[in-house]
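Sequence plus the predicted model coming up.
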Amino acid sequence: MSDHQEVTYTLDLRQSRRENQPVCDRHPTGGKTADGPIPRIARLMALAIRFEGLLREGTIRDHAELARLGRVTRARMAQIMRLLNLAPDIQEQILFLPLVQGLNERNLRPIAGRIDWDEQRRMFQMITGSLYRTGAQFDLLAFTAKPR
């Protein structure tokens, strides 16, 4: 990834879901405009990285507090935070991927559940290669069901 563009998000976690949805504004650095919509998976990856920083700094006590502030369940917060189990280069690719139909957090869960980063990379290549070639959704569950 040669030309990186930094994007800053502002997210008000205190706002009630019943009123308006939390505000999420993109502000690329350097005054440049973003090239289009940022994929949801990239936003989730960025949030997981930011949340990890807040936990490390001690600003937020634990995942349960994050879940309360974000008005999501603890299970959902755990799903988002599991994205941090992905190999660092996969995390970087996710942050800078173009909008790809079918690439989402749900089909990355089996990859994040693997310990071996080389295996994660192979699985990620399979899923992204398939999505780029066909433009269709990839059935990762069928892939992970095969014995090693």
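That came through, no problem.

going forward, measure contacts and count neighbours with C-alpha atoms only.
Will do.

so where do the helices sit in the protein?
Taking DSSP state H, the helices of the chain run over residues 40-57, 63-70, 74-81, 88-96, 105-112, 117-134, 140-144.

Count the residues that sit near residue 76.
12 (other C-alpha atoms under 10 Å).

Give me the pLDDT for it.
Per-residue confidence at residue 76 stands at 96 (pLDDT).

Spit out the contact partners of it.
residue 67 (C-alpha atoms under 8 Å, 6 or more residues apart in numbering).

again, but for residue 49
Contact analysis of residue 49 by C-alpha under 8 Å, 6+ apart lists residue 84.

how about 10 Å then?
43, 55, 80-81, 83-84, 91 (C-alpha atoms under 10 Å, 6 or more residues apart in numbering).

do residue 54 as well
48, 60-62, 66.

can you rerun that using 8 Å?
By C-alpha under 8 Å, 6+ apart, the residues touching residue 54 are residue 60.

Fine, thanks again, bye for now.
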